[in-house]
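Peer 1: fold the following for me, if possible:
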Amino acid sequence: MKKIEIYDPAMCCSTGVCGPVADPELIRISAVVHNLKKQAVDVSRYNLTSEPDAFVTNAEVRQMLVNEGPEVLPVTFVDGKVVKKQGYPTNEELEQWTGIAAAELTAKPRIRLEIKTKS
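Peer 2: A predicted model of the protein is given here:
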């Protein structure tokens, strides 16, 4: 199974729902990462604001930040190799890397509700 690591730019949270306007791309990638984890894919996201040590300990990310600045983020690694810079991977790219259909990556969770009525 592939190992995917995503290094996010500095932000207050990774969901995209904080602040005055929700970022649909952050919402999409949050859902996709959640679904990848449900499929037992080894996937991690690191936020520059809350997890700066991850950026310092990864020599390649550290060097990209020095050479290209924070505009290089987000950066995605698959099995330790940079596969995308300056943008989040598309569903199709993730499908290609993991073998999991793009439709499954974006599937919304199904919630089953049971309504009990008083007799």
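
Peer 1: quick one, grab the pLDDT at residue 22.
Peer 2: On pLDDT, residue 22 comes in at 76.

Peer 1: so how far is residue 3 from residue 115?
Peer 2: When Cβ to Cβ, to the nearest Å is applied, the distance between residue 115 and residue 3 equals 43 Å. Placement of C-beta: from N, CA and C, glycine included.

Peer 1: okay, these two: which has more neighbours?
Peer 2: A side-by-side neighbour count of residue 115 and residue 3, using other Cβ atoms under 10 Å, places residue 3 first with 12 against 4.

Peer 1: wait, doesn't that one sit right on residue 76?
Peer 2: No: counting by Cβ atoms under 8 Å, residue 76 is not a contact partner of residue 3; they are 11.3 Å apart.

Peer 1: and stretch 38-56, what's buried?
Peer 2: If you call a residue buried by 16 or more other Cβ atoms under 10 Å, then stretch 38-56 has these buried ones: 41, 43, 45, 46, 47, 48, 54, 55.

Peer 1: just the CA trace of it, in PDB.
Peer 2: C-alpha atoms of stretch 38-56 as PDB (Å, rounded to 0.1, in the frame of the first residue of the first chain):
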ATOM      1  CA  LYS A  38     -11.200   4.300   5.900                       C
ATOM      2  CA  GLN A  39      -9.700   2.300   3.100                       C
ATOM      3  CA  ALA A  40      -6.500   1.600   5.200                       C
ATOM      4  CA  VAL A  41      -4.300   3.900   3.200                       C
ATOM      5  CA  ASP A  42      -1.300   5.300   5.100                       C
ATOM      6  CA  VAL A  43      -2.000   9.000   4.600                       C
ATOM      7  CA  SER A  44      -0.900  12.000   6.700                       C
ATOM      8  CA  ARG A  45      -1.400  15.700   6.500                       C
ATOM      9  CA  TYR A  46       0.800  18.300   8.200                       C
ATOM     10  CA  ASN A  47      -0.200  21.900   8.800                       C
ATOM     11  CA  LEU A  48       2.700  24.400   8.900                       C
ATOM     12  CA  THR A  49       1.000  26.300  11.700                       C
ATOM     13  CA  SER A  50       0.300  23.500  14.100                       C
ATOM     14  CA  GLU A  51       3.000  20.900  13.100                       C
ATOM     15  CA  PRO A  52       6.100  22.900  12.100                       C
ATOM     16  CA  ASP A  53       8.400  20.100  13.300                       C
ATOM     17  CA  ALA A  54       7.200  17.900  10.400                       C
ATOM     18  CA  PHE A  55       8.400  20.500   7.900                       C
ATOM     19  CA  VAL A  56      11.800  20.900   9.600                       C
END
